[in-house]
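[1] mind folding the following:
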Amino acid sequence: MSRGESPNWTELLIESSAHPLPVSAERYRAWMAGRQIFVSSLMDQEMRPYRDVVRTHLHAMGATPVMWEEITPRDEGPQRAFLGGVDRSSVFVLMLGTRYGVTDQSGYSPTHQEGNRAAERRIPRLLFTLGTLNDAERDGRLNDWLRSLRNELSGASFMTANDLIGQLDARLREMAARSDRLWIKLGALVFPGIVNSRFDSRGEGEITVTANVSDGEVRRSLIEGGQSYRSRSRAERITWSNNSFPIQIESVSVKTEYSAEEQVEIVCKSSQSWNSGSSSIHTMMGSFGKLTAGEMAKLWAHRAILGEDYRGDGGGALDMTASFSEPETATLPHVLRACSAGGWLAEGLTRLYPIEEVSRRYDGHFHYLDVGPSTATSIRIRGAFTFGAASSHQDPITIEGNVPLDSVR
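    Reported below is the predicted structural model:
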């Protein structure tokens, strides 16, 4: 661990009433401008009217719909052109009705192939199903696919074309709002806010956090300089977005405009050298067991982040694999369950936890980390991280799976 700090995931103080603030019409249009949105569905008589209204709406909002009506394949086959269109898109809209479609040599319908491609490319997917149908009226293959999709995505059903546009617009606005506002973890405090950071050539940095908070305990803890109101333990680390640094709090200032809310500004100092050597115990000692340090880190990630059980390697009391892959704090599924987290909060914690724990434990960082969206039972996570520069092991360590929300493993 860095600078003697302790993991603090068991008694979080969370601004639980927070929610993504609706974006203004101007910011929404700026977010939509030129955004390529792939529209996937069968092109049959049932779905064509819905494709038309979605196409018209996306154009009206300034986005670029990517669909058959907009693509004219020339030197490549239609399906290859559409898969390339998926690759270029930043949002994938999937609309499903009665039919599954015709399979080709791949064994999947073109729509299913497009959906799989979006999942492989980690493109956010929005699922809409025609709500006038029951399962008995759909193709059996389509019902099978839908069951799989609903384990990964939060879907919505629509009854009419206007209903579909309303649902789609709401989901896109929610995506814009979530991208605009981020979760921050300061010690044991978790809240949405704004972070401004700057580091000089020596790695010395100043990090300024601004947050509007209404939760009394979170607000008081922030005002008291990042100390937990209950345990009085001082915050030693800040985590946000794709960053996590040990810090020292320099100052706290408060601006009060409303009786139920205050704006708190916290200035922290950090030095990238404070992490130096923090990963040695896990990267060096880990390789003494049956697995390499990288393999040990992957096993740790599956235990800590996905909550998977460790079944042992038969080493008994000298099971080095168990010792060096053991999470040092509560696993992410336990954290989510303890906080009754769902939706936006669950997605925020599912990002903060691996970012902080990889930094704290391995002095590492993520090359990419894709989280969500949250469903009723789990959150999809995909990522790849490496150890800090002091380690000789620099190959990316991947993790992919579902973090359970409905039970603690």
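[2] am I right that residue 201 sits in a helix?
    No. Read with DSSP: H, G, I helix; E, B strand; the rest coil, residue 201 is coil and lies in no helix.
[3] can you show me the strands along the stretch 201-350 of the chain?
    Secondary structure of the stretch 201-350 of the chain (DSSP state E, counting those that start in this stretch): strands located at 204-213, 237-240, 243-246, 248-258, 261-271.
[4] let me have these in JSON lines, adding mean pLDDT, distance to residue 405 and mean neighbour count as columns.
    No exception for glycine: its C-beta is placed from N, CA and C like everyone else's. Shown next, in JSON lines, are the strands of the stretch 201-350 of the chain (pLDDT from 0 to 100; distance: least, C-beta to C-beta, whole Å; neighbours: other C-beta atoms under 10 Å):
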{"stretch": "strand 204-213", "mean pLDDT": "89", "distance to residue 405": "25", "mean neighbour count": "19"}
{"stretch": "strand 237-240", "mean pLDDT": "94", "distance to residue 405": "21", "mean neighbour count": "24"}
{"stretch": "strand 243-246", "mean pLDDT": "92", "distance to residue 405": "23", "mean neighbour count": "22"}
{"stretch": "strand 248-258", "mean pLDDT": "84", "distance to residue 405": "33", "mean neighbour count": "12"}
{"stretch": "strand 261-271", "mean pLDDT": "87", "distance to residue 405": "29", "mean neighbour count": "18"}
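[5] of those strands, which is nearest residue 55?
    Set against residue 55 and scored by C-beta to C-beta, the strands of the stretch 201-350 of the chain come closest in strand 237-240, at 37.2 Å.
[6] coming back round to it: which of the strands of the stretch 201-350 of the chain sits closest to residue 94?
    Of all these, strand 237-240 comes closest under C-beta to C-beta, at 31.2 Å.
[7] which residues does that closest one contact?
    2, 5, 182-187, 195, 207, 209, 244-247, 268, 270, 352, 355-356, 359-360 (C-beta atoms under 8 Å, 6 or more residues apart in numbering).
[8] equivalent analysis for stretch 153-167, please.
    49-50, 53-54, 57, 95, 125-132, 149, 171, 373-376.
[9] residue 195 touches residue 209, doesn't it?
    Yes. Contact criterion C-beta atoms under 8 Å: residue 195 and residue 209 qualify, at 5.6 Å.
[10] list residues touching both of the two?
    In contact with both residue 195 and residue 209: 184, 238, using C-beta under 8 Å, 6+ apart.
[11] quick one, domains of the protein?
    Using automatic domain parsing, the domain parsing of the chain gives 25-180, 182-275, 277-404.
[12] may I see those arranged in JSON lines, with distance to residue 10 as well?
    Listed next are the domains of the chain as JSON lines, based on distance: least, C-beta to C-beta, whole Å:
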{"stretch": "domain 25-180", "distance to residue 10": "27"}
{"stretch": "domain 182-275", "distance to residue 10": "9"}
{"stretch": "domain 277-404", "distance to residue 10": "5"}
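[13] quick revisit: just the ones in strands from the contacts of stretch 153-167, please.
    Within the contacts of stretch 153-167, residues falling in strands by DSSP state E are 95, 125, 126, 127, 128, 129, 130, 373, 374.
[14] can you select the buried ones among the contacts of stretch 153-167 for me in ChimeraX?
    Command for ChimeraX that selects the buried part of these, burial taken from 16 or more other C-beta atoms under 10 Å:
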select :50,54,57,95,125,126,127,128,129,130,149,171,373,374,375
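[15] point to the helix or strand of this structure where mean pLDDT is at its lowest.
    Lowest by mean pLDDT, DSSP states H and E among the helices and strands of the chain is helix 280-284, with a mean of 55.
[16] ok, and the closest non-adjacent residue to residue 215?
    Among residues not flanking residue 215 along the chain, residue 15 sits closest, at 4.9 Å (C-beta to C-beta, 6 or more residues apart in numbering).
[17] partners of residue 127 in the sheet?
    Judged by DSSP bridges, the bridge partners of residue 127 are residue 94, residue 155.
[18] hmm, residue 94 and it touching each other?
    Yes. With contact defined as C-beta under 8 Å, residue 127 counts as touching residue 94 (5.2 Å).
[19] between these two, which contacts overlap?
    Common contacts of residue 127 and residue 94 (C-beta under 8 Å, 6+ apart): residue 149.
[20] so what's residue 144 scoring on pLDDT?
    On pLDDT, residue 144 comes in at 95.
[21] quick check: what element follows whichever strand or helix holds residue 179 along the chain?
    With elements taken from DSSP states H and E, the one containing residue 179 is helix 161-180. Counting by DSSP H and E, the next helix or strand C-terminal to helix 161-180 is strand 182-186.
[22] can you list the strands that that following strand pairs with?
    Strand 182-186 has these strand partners (DSSP bridges): strand 189-199 (antiparallel), strand 237-240 (antiparallel).
[23] dump the strands of the stretch 201-350 of the chain to JSON lines, plus distance to residue 31.
    Output for those, formatted as JSON lines (distance: least, C-beta to C-beta, whole Å):
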{"stretch": "strand 204-213", "distance to residue 31": "21"}
{"stretch": "strand 237-240", "distance to residue 31": "20"}
{"stretch": "strand 243-246", "distance to residue 31": "23"}
{"stretch": "strand 248-258", "distance to residue 31": "27"}
{"stretch": "strand 261-271", "distance to residue 31": "25"}
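[24] of the ones you listed, which is nearest residue 368?
    Per C-beta to C-beta, nearest to residue 368 of the strands of the stretch 201-350 of the chain: strand 243-246, 14.1 Å.
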